[in-house]
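**Q** sequence and predicted structure are below.
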Amino acid sequence: METKSIQNKMFVENLSCYFGNKCVLEKVNLTIQKNEILTIIGPSNSGKTSFLRTLNRMNDFNPNFSRTGNVLLDDENIFHMNMEKLRTRVGMLFAMPIPLPMTIYENIVYAPKRLRLTKREKKSDLDLLVEQALKDASLWDEVKDRLNSSAMKLSGGQQQRLCIARILAIDPEIILFDEPCSGLDPISTAKVEETMLVLKDKYTIVLVTNNVKQASRVGSRTAFFLMGHLIEIDATEKIFVSPKEKQTNDYITGRFG
């Protein structure tokens, strides 16, 4: 197990996950460092998404899900946290953008107002919240003149960045990205990647991706999962240039997966 330090944000300790009798993750131990982009790679059915969804307890909605081990956020066990509190600290972006069927502006202010995360009920204060979230998501310049238009009219790439802005509006500490570019064109993908690189100055990011080139472009560190096991985790450059494990090398060189 990795040693704790003040640079670490989250600690995963002997985490095993099950759906019914099937073990999808077995005794995973790793740390997630503050203000890094931890990229998680591996072939399908390696446990990547199950791992990500455990970090903010999305898997808890599945009655067949069970787990052992602990996940600590700043030394507080997430499995003992109030679920709503956890979701404000650990936001999640899914593969397909899911904007709310309302205006761009309303998409941003919806969660902060519903969760009462801000006492800023004045229109001018909410305006500032919307502007900052959209700027941080690299979308402001594209939509600032149509904030009262339907979010459903945005392109797929813009919708994904709107979903990022919606997460930023609740001011989380960690953002989980689950294949955020899988349905996007190369230009939109590049914009989302640029946004992630800017965001890591303020937030800690965990990115699950099947695109190893994307992992190599944006990852601070990279973890390789295979058949429910964490095979290797290291600085991204080391993983892609001189991995310690043959299985890691075989995967990133395209010999399987």
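**A** Now that the structure is in, tell me what you want to look at.

**Q** all strands for the chain, in order.
**A** With strands called from DSSP state E, the chain shows them at 8-19, 22-33, 37-41, 65-73, 76-77, 90-93, 174-178, 204-208, 221-226, 229-235.

**Q** could I get those strands as CSV with mean neighbour count?
**A** In this view, the C-beta of every residue, glycine as well, is placed from N, C-alpha and C. Output for these, formatted as CSV (neighbours: other C-beta atoms under 10 Å):
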stretch, mean neighbour count
strand 8-19, 18
strand 22-33, 18
strand 37-41, 26
strand 65-73, 17
strand 76-77, 12
strand 90-93, 22
strand 174-178, 23
strand 204-208, 24
strand 221-226, 25
strand 229-235, 18
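
**Q** between the ones you listed, which one is nearest to Arg146?
**A** With C-beta to C-beta as the criterion, Arg146 lies closest to strand 90-93 of the strands of the chain, at 22.4 Å.

**Q** let me have the strands of the chain in JSON lines, extended by distance to Pro99 and mean pLDDT.
**A** As requested, those are arranged in JSON lines below (distance: least, C-beta to C-beta, whole Å; pLDDT from 0 to 100):
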{"stretch": "strand 8-19", "distance to Pro99": "28", "mean pLDDT": "97"}
{"stretch": "strand 22-33", "distance to Pro99": "28", "mean pLDDT": "97"}
{"stretch": "strand 37-41", "distance to Pro99": "24", "mean pLDDT": "98"}
{"stretch": "strand 65-73", "distance to Pro99": "27", "mean pLDDT": "97"}
{"stretch": "strand 76-77", "distance to Pro99": "32", "mean pLDDT": "96"}
{"stretch": "strand 90-93", "distance to Pro99": "12", "mean pLDDT": "96"}
{"stretch": "strand 174-178", "distance to Pro99": "16", "mean pLDDT": "97"}
{"stretch": "strand 204-208", "distance to Pro99": "21", "mean pLDDT": "98"}
{"stretch": "strand 221-226", "distance to Pro99": "30", "mean pLDDT": "98"}
{"stretch": "strand 229-235", "distance to Pro99": "34", "mean pLDDT": "98"}
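
**Q** can you add distance to Asn59 and give these back as a markdown table?
**A** Shown next, in a markdown table, are those (distance: least, C-beta to C-beta, whole Å):
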| stretch | distance to Asn59 |
| --- | --- |
| strand 8-19 | 7 |
| strand 22-33 | 9 |
| strand 37-41 | 16 |
| strand 65-73 | 4 |
| strand 76-77 | 16 |
| strand 90-93 | 12 |
| strand 174-178 | 12 |
| strand 204-208 | 14 |
| strand 221-226 | 16 |
| strand 229-235 | 17 |
